[in-house]
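1. Structure of the sequence below:
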Amino acid sequence: MDKHTIPLLAIDGGGTKCLAVFTDRQGNILGQGKGGSSNYQGSGKDGVIRELKVGIEEAVADLCERNGIDVSHVEIEVECAVFALAGLDTEYDRRIITGLVEEVLKLLPIQVKHLIVENDGYAALLGATDGDPGILAIAGTGSIIFGINDQGQTARAGGWGHRVGDEGSGYWIGKQAVMAILKAYDGRNEGTRLGKWVLPHFGMENEEDLFNWVYGPEYSVEKVSELSRAVGQAASDGDKEAHQILEVAAHELFIAVAAVIRHLSFQNKPFTMILLGGVLQHEGYVRDMLMHKIKAHAPQVQWDKARKEPIYGVTAMGLSYLETKVSTKVQ
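-> Residues are numbered from 1 along each chain as shown. Presented below is the predicted three-dimensional model:
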């Protein structure tokens, strides 16, 4: 076996995709790969193991190709591996996810000296603000709000998963659309034309096809999340039900942001606010309404764009550990 020591393996795993990178101590990328959803609450444990393995294997292959190494005879020793994964909300989640990560590593030619497992939202916050005080609102497949103040205190709200939370997310919006269509079908509301956009998206003929799909094997969090675009189109075309769904989505996201503002004592202080995720990037009505509500609640808010991608926040965690480790040795 051809053995190589790599300082850092960083994994950013969200509800849609995961990105795996090997870096040196300066954060330069040595190899990278991509897999699918790595949230065990949505994709299941086997799905997470499969997608993490795919992403890391691609990163290993890229590393070998860049350095002229035979990938079939390589063994990699990683000084620090940081896995920032969606779905890590409780200590129970941490135990489950850590076990999944350890299982993945056993399937790969990789030995890890120090393992860090963290929530992907916290990593995204570090990447977006570059460590400065601020709040990050993410509304993509799921939703979560993270913040950090100038004392280094952190706070979060939401992110409790698609079964009991993720309000204002793509999945939440899509689920409301499905419910509205079925209610209209049996006459429990005034009617909506949401089916005009939703049913063709899945190639369905009627509402009964939609119902059967919801309880069938093809149903998934990711596919329901795709419907947020259809809701946006319906709202733009004047559908009142679609418009109301987006209005409630913005309000739910605001409630979560307001909670973090309160926890970090930002209401009467200047702070940076960053909006990320497919819903907040593509649904202008939700984004504009959320911004209006936040501005009215905390007038000194300052809007900014994410300075770096979430993977840089993951990398920063690992590099910080390596730097501390080196400093300790020098002392």
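
2. Going by C-alpha atoms from here, please, whenever you check contacts or count neighbours.
-> Fine.

3. lowest average confidence, helix or strand, in this protein?
-> Across the helices and strands of the chain, mean pLDDT, DSSP states H and E gives its lowest value to helix 310-330, namely a mean of 73.

4. who touches that one?
-> If you take Cα atoms under 8 Å, 6 or more residues apart in numbering as the criterion, helix 310-330 is touched by 7-8, 10-12, 19, 25-27, 79-84, 116, 120, 123-128, 130.

5. mind saving the C-alpha coords of it as PDB?
-> Taking C-alpha atoms only, helix 310-330 is exported to PDB below (Å, rounded to 0.1, in the frame of the first residue of the first chain):
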ATOM      1  CA  PRO A 310     -20.300  26.400   3.900                       C
ATOM      2  CA  ILE A 311     -17.400  24.000   3.100                       C
ATOM      3  CA  TYR A 312     -15.000  26.800   4.100                       C
ATOM      4  CA  GLY A 313     -16.700  26.900   7.600                       C
ATOM      5  CA  VAL A 314     -16.100  23.200   7.900                       C
ATOM      6  CA  THR A 315     -12.500  23.600   6.800                       C
ATOM      7  CA  ALA A 316     -12.100  26.400   9.300                       C
ATOM      8  CA  MET A 317     -13.100  24.100  12.200                       C
ATOM      9  CA  GLY A 318     -10.500  21.500  11.100                       C
ATOM     10  CA  LEU A 319      -7.700  24.100  10.500                       C
ATOM     11  CA  SER A 320      -8.400  25.600  13.900                       C
ATOM     12  CA  TYR A 321      -8.000  22.200  15.600                       C
ATOM     13  CA  LEU A 322      -4.800  21.600  13.700                       C
ATOM     14  CA  GLU A 323      -3.400  25.000  14.600                       C
ATOM     15  CA  THR A 324      -4.200  24.500  18.200                       C
ATOM     16  CA  LYS A 325      -2.700  21.100  18.200                       C
ATOM     17  CA  VAL A 326       0.500  22.400  16.600                       C
ATOM     18  CA  SER A 327       0.700  25.400  19.100                       C
ATOM     19  CA  THR A 328       0.200  23.000  22.000                       C
ATOM     20  CA  LYS A 329       3.100  20.800  20.800                       C
ATOM     21  CA  VAL A 330       5.400  23.800  20.300                       C
END
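
6. Return a PyMOL selection command for the buried portion of the contacts of helix 310-330.
-> Per 16 or more other Cα atoms under 10 Å, the buried members of the contacts of helix 310-330 correspond to this PyMOL selection:
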select buried, resi 7+8+10+11+12+19+27+79+80+81+82+83+84+120+123+124+125+126+127+128+130
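
7. Tell me how far stretch 140-152 lies from the chain's centre.
-> 11 Å (Cα atoms, centre = their mean, to the nearest Å).

8. One more: stretch 231-251?
-> For stretch 231-251, the distance to the chain centre is 23 Å (Cα atoms, centre = their mean).

9. Endpoint to endpoint, it covers what distance?
-> End-to-end distance for stretch 231-251: 16 Å, by Cα to Cα, to the nearest Å.
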